[in-house]
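**Student:** predicted structure and sequence below. I'll ask about it afterward.
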Amino acid sequence: MTTQEVEHAGPARRGRSARQAARLARAMDTLPYLTRKLPPVEVISTDGLEAIEHNADTLLQEVGVEIVNFPEGVEIFRSAGADVQGSRVRFERGMCRRLIQASAPRLFTQTARNPARSVQIGDPYMVLAPTYGSPFIQNLDDGRRYATIEDFRNFVKLAYTSHTLHHGGGTLCEPVDLPVNKRHLEMVYSHIRYSDRAFMGSVTHPSRAEDSVEMARIVFGADALEHEHVIMGLANANSPMSWDFNMLGSAKAYAEANQIMLITPFILGGAMAPVTVAASATQTLAEALAGMAFCQIVRPGAPVIFGSFASSMSMQTGAPTFGTPEPQLVLFVLAALARRLGVPFRSGGNFTASKLPDYQAAYESAISFMATMQAGVNFNLHTAGWLEGGLAIGYEKFMLDEDQASMASAYIGGVDLTDNGLALDAMLAGGPGQHFLGSPHTLANFENAFWRSELSDNNSFEQWELNGAQDAAHRANARWKQRLAEYEMPPLDEGVHEQLLEWIEKRRASFPDSDV
């Protein structure tokens, strides 16, 4: 109703409109992060976890990690007492664990440009972030096409206006209309200008990681980074048992600046690790221990997140598969190992190999996200948008994923055992055969009694048909367009903005365009 319509409506109509407006206002209040009360699921015994830890140490001691094209990284490991032979680095048993546990924080805050949106990373908290790294986008209007900087900005805006997500993410999609060696400037700028959430910077080359950190310094203040964590980077190991210059060099840039590094081995079972759950977990742990230890050598106390990305694959075609049981078991095991190590854990999210937001996408995503909630993940990447094994980010899939992920707060909140939750008085006041529809307890709780999807259709067939007979993807299509149309840019200090633009322009002009 418009304001004029409300003014001329009867008392009942005005009261209903006021209640609807109040519910909408509450819905607009986004929790900065979730607090877990539900105990995490444990799938193996303490003896089993200890066996995996023992085998990971054996790998690090006997095989070690290969450091590719990064002699400085080799010397950093040597300085801490690692056994170095050429570019191979080996660690005495327990060395990496000791380095991490001596200084890496169990819990830390990533400060957002808007302090109210800062996030706590570590137990008992859960932070939901959108998908990362797709070169393609997919929607009902365009189908599948290469992503552009306009798409990138659209997804920044969708993440910013989300009531489910808590973090802006990083490389939401690859804007392929910009030079490879300069697109990071526009991506980081977009996070800063079009959102005030916490965000991630670039890691495709150490110099781009340094640029990301420098842009954060301009926005948050030169001294702020010494005592605050305001930007995050993501480094993937080159499994099996290898770290390269781009990833480890970028990790060095973030750690030196006291910023967050998300250390994530990327395991495709059967190709980059053995096919079994325990072996994948063992190798992931070994590779992550080396990466996190490196950050602590560079700067003791620099925050790190133990990450895991594990996928099964089709043994007939070699294609990655999602929504299968084995990667979920790897997730449960690694979450428990992270708790034993004493650092936050990252995994995620709503994974699928489907090319469209269809039945396959729904069930594969649901299986992977359910495990995420049950395992005790602290930072969940790829919560919204993932399609085609990560090659595409879907506009409709983004909206459907964030809608379903909104259930996480109710799920990990556990069971309410207060007097209201137990509701004994309500049951005593009733009687055999009496319904609870008009009970004072029901009336007091009806608005928030059950989680409700904003995109599912639970109407009768006749009402659904009257509303246009739309499937979920078409409802999501209308939703993302509405969100972008209603988007309002958050404020940014004009002096800071001018300084940032001036720095970007000078940096962009200081070297030629390149597609590498």
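**Tutor:** That came in fine, so what should we check first? Keep in mind the model is a prediction, meaning the values are calculated, not measured.
**Student:** and the pLDDT at the closest residue to residue 310 other than its chain neighbours?
**Tutor:** Once its chain neighbours are removed from consideration, residue 310 has its nearest residue in residue 330; the separation is 4.2 Å (C-beta to C-beta, 6 or more residues apart in numbering). All C-beta spots, glycine's among them, are computed from the backbone N, C-alpha and C. As summarised for this prediction, residue 330 has a pLDDT of 97.
**Student:** who's in contact with the nearest residue to residue 204 once chain neighbours are set aside?
**Tutor:** If you skip the residues right next to it in sequence, residue 204 has residue 246 as its closest partner in space, 6.4 Å away by C-beta to C-beta, 6+ apart. By C-beta atoms under 8 Å, 6 or more residues apart in numbering, residue 246 lies in contact with 203-206.
**Student:** just to revisit the earlier point, backbone dihedrals for the residue nearest to residue 310, both of them.
**Tutor:** Here is the backbone geometry of residue 330 (degrees, to the nearest 10): phi -60, psi -40.
**Student:** swap in residue 216?
**Tutor:** phi -60, psi -40.
**Student:** and it, how close does it get to residue 209?
**Tutor:** Using C-beta to C-beta, to the nearest Å, one obtains 11 Å as the distance from residue 216 to residue 209.
**Student:** joint contacts of these two?
**Tutor:** residue 201.
**Student:** just checking, next helix/strand downstream of the longest strand along the chain?
**Tutor:** Criterion DSSP state E: the longest strand present in the chain is strand 260-268. Downstream of strand 260-268, the first helix or strand assigned by DSSP states H and E is helix 277-298.
**Student:** how distant is that following helix from the center of its chain?
**Tutor:** Averaged C-alpha coordinates place helix 277-298 at 20 Å from its chain's average position (C-alpha atoms, centre = their mean, to the nearest Å).
**Student:** what's the angle from the longest strand of the chain to helix 277-298?
**Tutor:** Angle of strand 260-268 versus helix 277-298, following axes from the mean of the first three to the mean of the last three C-alpha atoms, to 10 degrees, is 150 degrees.
**Student:** okay, and the residue lying closest to residue 382 once chain neighbours are set aside sits in which element?
**Tutor:** Taking C-beta to C-beta, 6+ apart as the measure, residue 382 lies nearest to residue 349, with 3.0 Å between them; neighbours along the chain are not counted. With elements taken from DSSP H and E, nothing contains residue 349; it lies in neither a helix nor a strand.
**Student:** read off the pLDDT value for residue 349.
**Tutor:** Here, the pLDDT recorded for residue 349 equals 89.
**Student:** what number of residues are in the vicinity of it?
**Tutor:** 26 (other C-beta atoms under 10 Å).
**Student:** isn't there a helix covering residue 247?
**Tutor:** Yes: the assignment for residue 247 is a helix, going by DSSP: H, G, I helix; E, B strand; the rest coil.
**Student:** what's the distance between the spatially most central residue of the chain and residue 369?
**Tutor:** Using C-alpha atoms, centre = their mean, the residue of the chain that lies closest to the mean C-alpha position is residue 381, 2.1 Å off. The span separating residue 381 from residue 369 equals 12 Å under the rule C-beta to C-beta.
**Student:** shared neighbours of these two, anything?
**Tutor:** Common neighbours of residue 381 and residue 369, using C-beta under 8 Å, 6+ apart, are residue 349.
**Student:** helices of the stretch 251-400 of the chain, residue ranges please.
**Tutor:** According to DSSP state H, counting those that start in this stretch, the stretch 251-400 of the chain carries its helices in the segments 277-298, 325-341, 359-375, 395-405.
**Student:** closest one to residue 129 among the ones you listed?
**Tutor:** helix 395-405 (10.5 Å; C-beta to C-beta).
**Student:** packing partners of the closest one?
**Tutor:** strand 136-139, helix 149-160, helix 359-375, strand 386-387, helix 472-486 (3 or more C-beta pairs under 8 Å, 6 or more residues apart in numbering; DSSP states H and E).
**Student:** what average pLDDT does the shortest one get?
**Tutor:** For strand 386-387, the per-residue pLDDT values average out at 98.
**Student:** chain center to it, what's the gap?
**Tutor:** Relative to its parent chain, strand 386-387 has a centroid offset of 13 Å by C-alpha atoms, centre = their mean.
**Student:** just checking, what packs against that strand?
**Tutor:** Contacts of strand 386-387 with other secondary structure elements, assessed using 3+ C-beta pairs under 8 Å, 6+ apart, are made with strand 392-394, helix 395-405.
**Student:** what are the contacting residues of the first one?
**Tutor:** Yep, that's strand 392-394 we're talking about. When contacts are taken as C-beta under 8 Å, 6+ apart, the neighbours of strand 392-394 outside the stretch itself are 131, 134-139, 144, 147, 151, 155, 172-173, 355-357, 385-387.
**Student:** does the residue nearest to residue 382 touch residue 381 like I think?
**Tutor:** Yes: under the criterion of C-beta atoms under 8 Å, residue 349 makes contact with residue 381 at 5.8 Å.
**Student:** where do the contact lists of these two overlap?
**Tutor:** With contacts taken as C-beta under 8 Å, 6+ apart, the residues that reach both residue 349 and residue 381 are residue 131.
**Student:** buried ones in stretch 302-317?
**Tutor:** Of all the residues in stretch 302-317, those buried under the rule 16 or more other C-beta atoms under 10 Å are 302-313.
**Student:** stretch 507-515 too?
**Tutor:** By neighbour count, and taking 16+ other C-beta under 10 Å as the criterion, stretch 507-515 has no buried residues at all.
**Student:** turn the helices of the stretch 251-400 of the chain into CSV, columns for distance to residue 66.
**Tutor:** Conversion of those to CSV gives the following (distance: least, C-beta to C-beta, whole Å):
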stretch, distance to residue 66
helix 277-298, 10
helix 325-341, 22
helix 359-375, 30
helix 395-405, 36
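**Student:** tell me the most buried of the helices and strands packed on strand 386-387?
**Tutor:** Of all the helices and strands packed on strand 386-387, strand 392-394 carries the top mean neighbour count, a mean of 29, counting by mean count of other C-beta atoms under 10 Å.
**Student:** partner strands of that strand, parallel or antiparallel?
**Tutor:** Sheet partners assigned to strand 392-394 using DSSP bridges are listed as strand 136-139 (parallel), strand 386-387 (antiparallel).
**Student:** near residue 220, how many other residues are there?
**Tutor:** Residue neighbour count, defined by other C-beta under 10 Å, stands at 18 for residue 220.
**Student:** pLDDT score assigned to it?
**Tutor:** Residue 220 is assigned a predicted lDDT (pLDDT) of 98.
**Student:** okay, now residue 459: neighbour count?
**Tutor:** The number of residues packed near residue 459 is 11, by other C-beta under 10 Å.
**Student:** all set now, cheers.
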